[in-house]
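K.L.:
coords below, sequence missing:
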């Protein structure tokens, strides 16, 4: 009787990544895509305070599922990302913004 074992472990449906070993003529895959530098929109506008009642501005930092967009994706600096997260939390608590969509 043979027993099948799963090689590689990990989660179901996970994919293994293969990279070239640097042989001549092989194309290497880049691990990171090169994009342009993102900038903090609030620093450019010189806005120190973000009002939790300003729905138009806050909705720009929320995904369609209702999650807060990370600073890595939105380009916000750490200071303004904390201010935005706090304003979104207040707006959700008062029911100006939905928790989920």
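P.N.:
Received the coordinates, thanks. Predicted model, so just to flag it, every value in this text is computed and none were measured.
K.L.:
going forward, measure contacts between C-alpha atoms and count neighbours the same way
P.N.:
Fine.
K.L.:
mind listing what the closest residue to residue 39 other than its chain neighbours touches?
P.N.:
Distances taken as C-alpha to C-alpha, 6 or more residues apart in numbering put residue 75 closest to residue 39, at 5.1 Å, once the chain neighbours are dropped. Residue 75 makes contact with 38-41, according to C-alpha atoms under 8 Å, 6 or more residues apart in numbering.
K.L.:
where's the closest residue to residue 81 other than its chain neighbours relative to residue 77, distance?
P.N.:
Nearest residue to residue 81 in three dimensions, chain neighbours excluded: residue 71, at 6.2 Å (C-alpha to C-alpha, 6+ apart). Distance of residue 71 to residue 77, given as C-alpha to C-alpha, to the nearest Å: 7 Å.
K.L.:
buried set for the top helix by length along the chain?
P.N.:
The residue-count maximum for a helix in the chain (DSSP state H) belongs to helix 78-93. Buried residues in helix 78-93, counted by 16 or more other C-alpha atoms under 10 Å: 80-81, 83-85, 87-91.
K.L.:
the residue nearest to residue 81 against residue 78, yeah?
P.N.:
Yes. Using C-alpha atoms under 8 Å, residue 71 is in contact with residue 78, at 7.2 Å.
K.L.:
how deep is residue 100 tucked in, by neighbour count?
P.N.:
Neighbourhood size, residue 100 [other C-alpha atoms under 10 Å]: 10.
K.L.:
make that residue 69, sorry
P.N.:
Residue 69: 18 surrounding residues under other C-alpha under 10 Å.
K.L.:
understood, closing this out.
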